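*Asks:* Quick check, what structure comes out for this input:
(3 chains)
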Amino acid sequence: MGLSSCLTSDWFSRDVIVVARELLGMHLSRVIDGQTIRSRITETEAYRGEEDLACHARAGKTRRTAVMYGPPGHAYIYFTYGMHWCLNVVCMPENFPAAVLIRALEPLDGLMSIASRRTGRPRSEWTNGPAKLTRALGIDKNLNGVDLTTPRSLLWIERGEVVPEDQVICGPRVGINNVPEPWRSLPWRFRI
DNA sequence: AGCACGATTAACT
DNA sequence: GTTAATCGTGCTC
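*Replies:* Below you'll find the predicted structure:
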(Lines give C-alpha, C1' and ligand atoms only; values in the text may rest on other atoms or scores of the structure.)
Protein backbone atom coordinates (compact mmCIF):
# COMPACT_ATOMS: atom_id res chain seq x y z
CA MET A 1 0.00 0.00 0.00
CA GLY A 2 2.77 2.45 -0.79
CA LEU A 3 0.79 4.44 -3.30
CA SER A 4 -2.14 6.74 -2.70
CA SER A 5 -5.45 5.16 -1.75
CA CYS A 6 -7.43 8.00 -3.30
CA LEU A 7 -10.46 7.17 -5.38
CA THR A 8 -9.85 7.90 -9.06
CA SER A 9 -11.63 10.00 -11.63
CA ASP A 10 -12.75 6.75 -13.30
CA TRP A 11 -14.34 5.61 -10.03
CA PHE A 12 -16.40 8.80 -9.86
CA SER A 13 -17.30 8.69 -13.57
CA ARG A 14 -19.73 5.79 -12.95
CA ASP A 15 -23.47 6.16 -12.37
CA VAL A 16 -24.06 8.75 -9.65
CA ILE A 17 -26.49 6.49 -7.76
CA VAL A 18 -23.94 3.68 -7.52
CA VAL A 19 -21.27 6.15 -6.44
CA ALA A 20 -23.57 7.65 -3.77
CA ARG A 21 -24.09 4.17 -2.30
CA GLU A 22 -20.41 3.24 -2.46
CA LEU A 23 -19.20 6.52 -0.96
CA LEU A 24 -20.60 5.31 2.37
CA GLY A 25 -17.61 4.31 4.50
CA MET A 26 -15.08 6.22 2.37
CA HIS A 27 -12.81 8.74 4.06
CA LEU A 28 -13.04 12.52 3.52
CA SER A 29 -9.93 14.41 4.60
CA ARG A 30 -9.27 18.11 5.01
CA VAL A 31 -6.13 20.11 5.82
CA ILE A 32 -6.84 23.47 7.45
CA ASP A 33 -4.65 25.72 9.60
CA GLY A 34 -1.93 23.05 9.57
CA GLN A 35 -4.31 20.45 11.04
CA THR A 36 -5.56 17.32 9.27
CA ILE A 37 -9.16 16.30 9.76
CA ARG A 38 -10.16 12.76 8.78
CA SER A 39 -13.74 11.56 8.62
CA ARG A 40 -15.94 8.73 7.41
CA ILE A 41 -18.84 9.43 5.05
CA THR A 42 -22.11 8.18 6.60
CA GLU A 43 -24.89 9.76 4.50
CA THR A 44 -25.19 10.79 0.83
CA GLU A 45 -27.73 11.74 -1.81
CA ALA A 46 -27.53 11.43 -5.62
CA TYR A 47 -28.61 14.18 -8.03
CA ARG A 48 -28.64 13.15 -11.67
CA GLY A 49 -28.97 15.25 -14.81
CA GLU A 50 -31.06 18.12 -16.16
CA GLU A 51 -34.17 15.94 -16.15
CA ASP A 52 -33.92 15.38 -12.36
CA LEU A 53 -36.07 18.29 -11.16
CA ALA A 54 -34.44 18.16 -7.72
CA CYS A 55 -30.98 18.67 -9.24
CA HIS A 56 -29.56 22.18 -9.61
CA ALA A 57 -28.71 21.26 -13.20
CA ARG A 58 -32.44 21.34 -14.03
CA ALA A 59 -31.72 24.99 -14.98
CA GLY A 60 -29.06 23.83 -17.45
CA LYS A 61 -25.44 24.96 -17.51
CA THR A 62 -25.07 28.25 -15.61
CA ARG A 63 -22.19 29.85 -13.74
CA ARG A 64 -23.22 27.99 -10.59
CA THR A 65 -23.77 24.57 -12.13
CA ALA A 66 -20.83 24.62 -14.58
CA VAL A 67 -18.68 22.51 -12.23
CA MET A 68 -21.21 19.67 -12.44
CA TYR A 69 -20.59 19.50 -16.20
CA GLY A 70 -16.86 19.20 -15.64
CA PRO A 71 -14.61 16.23 -14.85
CA PRO A 72 -15.76 13.66 -12.24
CA GLY A 73 -14.14 13.66 -8.81
CA HIS A 74 -14.20 17.44 -8.40
CA ALA A 75 -16.03 19.38 -5.65
CA TYR A 76 -19.30 21.17 -6.40
CA ILE A 77 -19.92 23.55 -3.48
CA TYR A 78 -23.04 25.69 -3.42
CA PHE A 79 -24.43 28.40 -1.13
CA THR A 80 -28.01 28.20 0.12
CA TYR A 81 -30.52 29.82 2.52
CA GLY A 82 -28.32 32.89 2.67
CA MET A 83 -25.79 31.31 5.03
CA HIS A 84 -24.97 27.65 4.35
CA TRP A 85 -22.45 25.82 2.17
CA CYS A 86 -22.98 22.26 0.93
CA LEU A 87 -20.36 19.86 -0.48
CA ASN A 88 -20.95 17.57 -3.46
CA VAL A 89 -18.72 15.30 -5.54
CA VAL A 90 -19.16 15.57 -9.32
CA CYS A 91 -19.94 12.19 -10.89
CA MET A 92 -20.59 10.53 -14.27
CA PRO A 93 -18.65 11.28 -17.47
CA GLU A 94 -17.73 14.86 -18.30
CA ASN A 95 -20.58 16.98 -19.77
CA PHE A 96 -23.29 14.97 -17.96
CA PRO A 97 -24.28 17.03 -14.87
CA ALA A 98 -24.55 14.90 -11.72
CA ALA A 99 -23.25 15.01 -8.16
CA VAL A 100 -23.40 13.31 -4.77
CA LEU A 101 -24.31 15.55 -1.84
CA ILE A 102 -22.33 14.65 1.29
CA ARG A 103 -24.96 14.83 4.06
CA ALA A 104 -23.19 13.47 7.14
CA LEU A 105 -19.77 12.43 8.44
CA GLU A 106 -18.32 10.58 11.39
CA PRO A 107 -15.21 12.44 12.59
CA LEU A 108 -12.14 10.19 12.97
CA ASP A 109 -9.24 12.58 13.57
CA GLY A 110 -8.71 16.32 14.01
CA LEU A 111 -11.43 16.62 16.63
CA MET A 112 -9.86 19.72 18.17
CA SER A 113 -9.95 21.52 14.84
CA ILE A 114 -13.60 20.60 14.33
CA ALA A 115 -14.49 21.66 17.87
CA SER A 116 -13.02 25.11 17.25
CA ARG A 117 -15.59 25.68 14.50
CA ARG A 118 -18.53 24.03 16.28
CA THR A 119 -18.26 25.66 19.70
CA GLY A 120 -21.32 25.41 21.89
CA ARG A 121 -22.77 22.47 19.95
CA PRO A 122 -23.02 18.92 21.26
CA ARG A 123 -20.48 16.58 19.70
CA SER A 124 -23.25 14.45 18.19
CA GLU A 125 -24.30 17.46 16.09
CA TRP A 126 -20.91 18.49 14.77
CA THR A 127 -21.21 16.84 11.34
CA ASN A 128 -24.70 15.27 11.11
CA GLY A 129 -26.02 17.60 8.38
CA PRO A 130 -24.77 18.85 4.99
CA ALA A 131 -24.21 22.44 6.15
CA LYS A 132 -23.00 21.40 9.60
CA LEU A 133 -20.17 19.34 8.15
CA THR A 134 -18.95 22.09 5.84
CA ARG A 135 -18.88 24.45 8.82
CA ALA A 136 -17.03 21.83 10.88
CA LEU A 137 -14.39 21.32 8.17
CA GLY A 138 -14.10 24.97 7.13
CA ILE A 139 -15.40 24.33 3.59
CA ASP A 140 -16.79 27.20 1.50
CA LYS A 141 -16.70 28.60 -2.05
CA ASN A 142 -12.92 28.81 -2.02
CA LEU A 143 -12.85 25.03 -2.50
CA ASN A 144 -15.45 24.93 -5.28
CA GLY A 145 -14.05 22.94 -8.20
CA VAL A 146 -11.05 21.38 -6.43
CA ASP A 147 -9.97 17.90 -7.50
CA LEU A 148 -10.88 15.46 -4.71
CA THR A 149 -8.70 12.72 -6.21
CA THR A 150 -5.49 14.55 -5.24
CA PRO A 151 -4.12 13.09 -1.99
CA ARG A 152 -2.92 15.36 0.83
CA SER A 153 -4.13 18.54 -0.85
CA LEU A 154 -6.71 20.74 0.91
CA LEU A 155 -9.61 18.34 0.52
CA TRP A 156 -9.65 14.77 -0.82
CA ILE A 157 -11.39 11.38 -0.61
CA GLU A 158 -9.69 8.02 0.07
CA ARG A 159 -10.82 4.42 0.18
CA GLY A 160 -12.18 3.51 3.61
CA GLU A 161 -14.17 0.53 4.76
CA VAL A 162 -16.68 -1.35 2.63
CA VAL A 163 -20.13 -1.01 4.23
CA PRO A 164 -22.17 -4.23 3.96
CA GLU A 165 -25.58 -4.01 2.31
CA ASP A 166 -27.49 -4.88 5.50
CA GLN A 167 -26.10 -1.75 7.16
CA VAL A 168 -27.34 0.62 4.47
CA ILE A 169 -30.64 2.50 4.72
CA CYS A 170 -31.98 3.73 1.38
CA GLY A 171 -34.84 6.20 1.06
CA PRO A 172 -36.15 9.38 -0.58
CA ARG A 173 -34.04 12.53 -0.70
CA VAL A 174 -34.88 15.21 1.86
CA GLY A 175 -35.52 18.94 1.61
CA ILE A 176 -37.12 18.76 -1.84
CA ASN A 177 -40.79 18.88 -0.88
CA ASN A 178 -41.77 21.20 -3.73
CA VAL A 179 -40.29 18.92 -6.39
CA PRO A 180 -42.82 16.96 -8.51
CA GLU A 181 -42.96 13.18 -8.71
CA PRO A 182 -41.29 10.92 -9.50
CA TRP A 183 -38.21 12.93 -8.53
CA ARG A 184 -39.45 13.75 -5.05
CA SER A 185 -39.73 10.11 -3.98
CA LEU A 186 -36.85 8.40 -5.77
CA PRO A 187 -34.80 6.40 -3.20
CA TRP A 188 -31.55 8.19 -3.91
CA ARG A 189 -30.56 8.87 -0.28
CA PHE A 190 -28.16 6.46 1.40
CA ARG A 191 -27.03 6.26 5.01
CA ILE A 192 -25.33 3.89 7.40
C1' DA B 1 -33.32 46.45 -11.49
C1' DG B 2 -36.47 43.73 -8.93
C1' DC B 3 -38.31 39.45 -7.25
C1' DA B 4 -39.20 34.79 -5.16
C1' DC B 5 -37.02 31.04 -3.47
C1' DG B 6 -33.80 27.65 -1.59
C1' DA B 7 -30.34 19.90 -1.74
C1' DT B 8 -30.55 24.05 6.05
C1' DT B 9 -30.00 25.04 10.76
C1' DA B 10 -31.01 26.52 15.36
C1' DA B 11 -34.13 28.26 18.40
C1' DC B 12 -38.48 28.51 19.51
C1' DT B 13 -43.78 26.88 21.28
C1' DG C 1 -44.28 21.01 15.12
C1' DT C 2 -43.16 26.03 13.57
C1' DT C 3 -40.28 29.79 12.07
C1' DA C 4 -36.51 33.38 11.48
C1' DA C 5 -32.12 34.04 9.64
C1' DT C 6 -29.93 35.85 5.26
C1' DC C 7 -28.15 36.40 0.30
C1' DG C 8 -26.69 34.15 -4.23
C1' DT C 9 -29.01 32.53 -8.13
C1' DG C 10 -32.03 32.33 -11.95
C1' DC C 11 -35.97 34.35 -13.90
C1' DT C 12 -39.00 38.27 -15.36
C1' DC C 13 -39.71 43.01 -16.65
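*Asks:* Name all residues that make contact with the closest residue to A:Glu161 other than its chain neighbours.
*Replies:* Closest residue in space to A:Glu161, ignoring its immediate chain neighbours: A:Gly25 at 4.5 Å, by C-beta to C-beta, 6 or more residues apart in numbering. For glycine as for every other residue, the C-beta is placed from the backbone atoms N, C-alpha and C. If you count contacts by C-beta atoms under 8 Å, 6 or more residues apart in numbering, A:Gly25 has them with A:40-41, A:160-163, A:192.
*Asks:* try 6 Å this time
*Replies:* A:Gly25 sits next to A:160-161, A:163 when contact means C-beta atoms under 6 Å, 6 or more residues apart in numbering.
*Asks:* cool, and A:Cys91?
*Replies:* The neighbourhood of A:Cys91, defined by C-beta under 6 Å, 6+ apart, consists of A:12, A:16, A:19, A:72, A:98, A:100.
*Asks:* isn't the fifth one right up against A:Met92?
*Replies:* Yes. A:Ala98 sits in contact with A:Met92 when judged by C-beta atoms under 6 Å, with a separation of 4.3 Å.
*Asks:* Overlap of the contact sets of the two?
*Replies:* Looking at what touches both A:Ala98 and A:Met92 (by C-beta under 6 Å, 6+ apart), the common residues are A:Val16.
*Asks:* Neighbour count: the two, which is higher?
*Replies:* A:Ala98 (28 against 21; other C-beta atoms under 10 Å).
*Asks:* and the gap between the more buried one and A:Met112?
*Replies:* Using C-beta to C-beta, to the nearest Å, one gets 35 Å for the distance from A:Ala98 to A:Met112.
*Asks:* And A:Cys55, by the same measure?
*Replies:* Summarising the geometry, the distance separating A:Cys55 from A:Met112, computed by C-beta to C-beta, is 36 Å.
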